[in-house]
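Undergrad: after the sequence you'll find the predicted model.
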Amino acid sequence: MTLDVQLVGTTTKMAIVNLRPGQVVYSEAGKFLFCSGDVAMETKMSAPSSPGAQPNGGGQVGGSGALGGLLRGAMDAGKRVLAGESFAFTHFSTRGGDGLLALAGVLPGEMRAIELDGRTTWFAEKDAFVAAEAGVNFDIAFSGLRSGFSGGEGFVLEKFTGVGTLLIGGAGDFIDINPADYGGKLRVDTGCIVAWDQNIRYGVERVGRLNKQGVMNAMFGGEGFSLATVEGNGRVILQSVTIDGLAKALEKNAGAGDKKTGAGLGGIFSGSAD
């Protein structure tokens, strides 16, 4: 049974999910907006199993089964922390009729609902995960030390497999693009990449040479010394706003209102002249 989800909104998308009995959605802490009264919420260290699957390998209760489940939960939680996500998941389900559930990312921007068919693997930058249906597996992958440190986005990626609906979010507007349509390779600001499928090769390359012009490009061109590369014939999702750029803009304009009113001088020049 396909998850009934609608993405609504303009500057900030949110996912409106119509939960049916038997369906379970799990999300990272902080992504929940609102729900109807018949939606149950539970906080757990692990993602839910596929619908119909039995916990702990077929109903084994207590003893080594319980300990194994606890250890698996702790390992899963550790993976999420490495990927920049919350320690625990929030599980949503409904035991009555259809339930209403709303989720969103933490930054103004878009969302995508990706349908996993059990054959395709998706990778995403850290913090892209919003929520997923039971049956979608959350894991981590490594982009390599060189790619991670040079790319500036870290070398831990989020990895999604299984069957079901996956919701990812980012900043600004999204564009879906296939490098094969443009010669097979795209060079992208490292902060603009949101997610890509298994048919894409992700890497990092230096911007120009270590000469006068290369240093000028890196220091004053605003792109640093490296760009990300995506190659292959597959789907890549890019965002129009980088988190680093957003953070710098907020920092640059922090206290701008106080400066305009003279609050920075103790309010001597603020307020009415009467």
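TA: Alright, I've got the coordinates.

Undergrad: pLDDT weak spots in this protein?
TA: The chain contains residues with pLDDT under 70 at 49-87, 143-155, 208-225, 255-274.

Undergrad: residues of the top strand by length along the chain that come out buried?
TA: Using DSSP state E, we find that the single longest strand of the chain is strand 156-169. By 16 or more other CB atoms under 10 Å, the buried positions in strand 156-169 come out as 156-169. Any C-beta I mention is one placed from the backbone N, CA and C, and that applies to glycine too.

Undergrad: tell me the one of the residues you listed nearest residue 9?
TA: The closest of those to residue 9 turns out to be residue 169 (CB to CB; 11.1 Å).

Undergrad: what sits against the closest one?
TA: 13, 104, 105, 106, 107, 109, 110, 111, 112, 128, 130 (CB atoms under 8 Å, 6 or more residues apart in numbering).

Undergrad: quick one: buried ones out of those?
TA: 13, 104, 105, 107, 109, 110, 111, 112, 128, 130.

Undergrad: restricted to strands, list those residues.
TA: In strands, defined here by DSSP E, the members of those are 104, 111, 112, 130.

Undergrad: just those residues now: which is nearest residue 238?
TA: Looking across those and measuring by CB to CB, the closest to residue 238 is residue 112, at 11.3 Å.

Undergrad: quick one: the closest one from residue 122, how far?
TA: 10 Å (CB to CB, to the nearest Å).

Undergrad: overlap in contacts, the two.
TA: Residues touching both residue 112 and residue 122 (CB under 8 Å, 6+ apart): residue 195.

Undergrad: thinking again about what came up before, in CSV: the buried ones among the contacts of residue 169, plus distance to residue 94.
TA: Formatted as CSV, those follow (distance: CB to CB, whole Å):
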residue, distance to residue 94
13, 23
104, 20
105, 23
107, 28
109, 28
110, 27
111, 22
112, 24
128, 26
130, 19
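
Undergrad: from those, which is closest to residue 205?
TA: residue 128 (22.4 Å).

Undergrad: which residues does residue 14 bridge with?
TA: Counting by DSSP bridges, residue 14 forms beta bridges with residue 8, residue 104.

Undergrad: strands of the stretch 151-274 of the chain, start to end?
TA: Secondary structure of the stretch 151-274 of the chain (DSSP state E, counting those that start in this stretch): strands located at 156-169, 174-177, 185-188, 193-197, 200-206, 226-232, 236-239.

Undergrad: which one of the ones you listed lies closest to residue 44?
TA: Among the strands of the stretch 151-274 of the chain, the nearest to residue 44 by CB to CB is strand 156-169 (17.1 Å).

Undergrad: any idea how far residue 130 is from residue 180?
TA: 28 Å.

Undergrad: now residue 195, nearest residue through space, not along the chain?
TA: Setting aside the residues directly before and after it, residue 195 is nearest to residue 124 in space (CB to CB, 6 or more residues apart in numbering), at 4.0 Å.
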